[in-house]
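[1] Prediction below, plus the sequence it came from.
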Amino acid sequence: MITVESALETILKEIKPLGLESVDITSALGRVIGEDIAARGSNPPWDNSAMDGYAVRAADAKGASGENPAKLSVLYDLPAGSVPKGPVGQGQAVRIMTGAPVPDGADAVVMVEKTESGDGFVLIKTEPRTGENIRKAGEDFKAGDVVIKKGSLIRPAEISMLATVGVPFVLVHKRPRVAVISTGDELCDIMEAPPSGKISNSNGYALAALVAATGAVPIQLGIAKDTKESLRQKLTAALSADCIISSGGVSVGDYDFVKDVLKDMGSSMIFWKVAMKPGKPLAFGVIGGKPAFGLPGNPISSMVAFEQFVRPTLLKMAGKTGLFRQTFKAELTKDIKIKPGRMNFIRAELKATENGFTATPLDGQGSGMIMTMVRANSFVIIPQDSSGFKQGDIVSVQPFDDTIFTAVRPGY
Ligand code: AMP
Ligand code: MG
């Protein structure tokens, strides 16, 4: 058996990011940018007002207060989107709105709340600081600055930046297209009521959802029979995708032909017994330049193996650098006893409390028990040489979705 870490290392060594394509920034969310973005202009482009108020020369209102206001004559109104009609001279002010360019001569903006307006004049009831309420040209970034680095994940903030610098299309890494094949004579499609002896193909749908959750594009190729011909046919069709995943047929049963067919088709297939539970049998190789995974058939085994091996692969193909789930230290609320020798992924409920995280391992850890997966949001990770932990121990927990980052408030 090999360790989870060395299997992962062997897989990721083979994976390269996909090429680039140009997309509209409205569909760039979650993608990885393949170019440096340099600003053509500065931001702000010119000094502008941070407040609605009066653009003044600070020296003209030196010592001003509520009791002793400075009286300035008002030259004109300057709404956002217009340009100054002329400079502010001694004893003068301009009525200015947030975002409007500060006229020459003015070196402060007094907020409207600290003024009183009259007919053609304004009373300034505070002493302005030089530069007050003025956003300086280039204080955010300057023309020529690299504002987004190649390799960055595009979040709403990056989209704001792209729009600010006037870039409507951007080069991003392509999204991996992932062929999903389910294998097994016992499977029937969910559109049919399973006849006796048959079960619904759940893995195909679960794996497609896991693929989509990484930002990749799943392509459901349906069910292959437990014959070499049927498997070969599906796998051949799958070669037009960027990555291939199958479930089932990789263990030591009489009808487990996935290994044989993958070996026939692939230049470098590896079959592992990975020291993990659930998810021990795993096939990995490169067929026609495409990574191919033979995942185990048990529903939870295939999901755990996907999380640990396929997810980082798809993220790397999409150009991402944060490939792994963050783990958190949490206090165990119940004992866990296991047989040492394999890394165990125990389905659990991770909770944020006022005193940190708690992890509650759930009853029903069988690799076909989907109910436990439905109730869980994380895996407690039990190292390979451990025989478990006691209530109150601090353990490593790996959330597999983002429910831990959401909060439910009473009444909502
Ligand atoms: P296998 O590795 O092919 O022997 O499958 C192991 C177990 O997982 C068996 O009980 C299968 O019926 C079950 N299984 C395999 N593929 C699927 C699937 N696509 N959906 C649901 N269960 C599956
Ligand atoms: Mg099978």
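    Yes, it's here. Ligands and ions are numbered 1, 2, ... in the order given.

[2] need the strands for the stretch 251-400 of the chain, in chain order.
    For the stretch 251-400 of the chain, the strands defined by DSSP state E, counting those that start in this stretch cover 270-273, 276-277, 281-287, 290-295, 328-332, 336-337, 343-353, 356-361, 378-382, 388-389, 394-399.

[3] what ranges do the helices span in the stretch 101-250 of the chain?
    Secondary structure of the stretch 101-250 of the chain (DSSP state H, counting those that start in this stretch): helices at 156-164, 202-213, 228-238.

[4] Pick the most deeply packed of those.
    Across those, the average number of neighbours (mean count of other CB atoms under 10 Å) peaks for helix 202-213, which reaches a mean of 20. Heads up, the C-betas are built off the backbone N, CA and C, glycines and all.

[5] now the strands of the stretch 251-400 of the chain as CSV including mean neighbour count?
    Output for the strands of the stretch 251-400 of the chain, formatted as CSV (neighbours: other CB atoms under 10 Å):
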stretch, mean neighbour count
strand 270-273, 17
strand 276-277, 22
strand 281-287, 22
strand 290-295, 26
strand 328-332, 19
strand 336-337, 15
strand 343-353, 21
strand 356-361, 19
strand 378-382, 24
strand 388-389, 19
strand 394-399, 19
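
[6] closest one to residue 160 among these?
    strand 394-399 (27.7 Å; CB to CB).

[7] Tell me how far the closest one lies from the chain's centre.
    Distance of strand 394-399 from its chain centroid, counting by CA atoms, centre = their mean, to the nearest Å, is 20 Å.

[8] got it, and stretch 24-36?
    Distance, centroid of stretch 24-36 to centroid of chain: 12 Å (CA atoms, centre = their mean).

[9] want to throw the helices of the stretch 101-250 of the chain into CSV with mean pLDDT?
    Compiled in CSV, the helices of the stretch 101-250 of the chain are given as follows (pLDDT from 0 to 100):
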stretch, mean pLDDT
helix 156-164, 98
helix 202-213, 98
helix 228-238, 96
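
[10] Export the ones you listed as TSV, with columns for distance to residue 98.
    Converted to TSV, these look like this (distance: least, CB to CB, whole Å):
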stretch	distance to residue 98
helix 156-164	17
helix 202-213	41
helix 228-238	57
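
[11] Near ligand 1, which residues of the chain are found?
    Residues of the chain that fall close to ligand 1, judged by CB under 6 Å from any ligand atom: 182, 184, 186-187, 199, 201-204, 247-249, 251, 253, 296-299.

[12] List buried residues within these.
    For the residues of the chain next to ligand 1, a burial check counting by 16 or more other CB atoms under 10 Å picks out 182, 184, 186-187, 201-204, 247-249, 251, 296-299.

[13] Keep the residues you listed, but drop any that are not near ligand 2.
    When contact is defined as CB under 5 Å from the ion, these meet ligand 2 at 184, 248, 249, 297.
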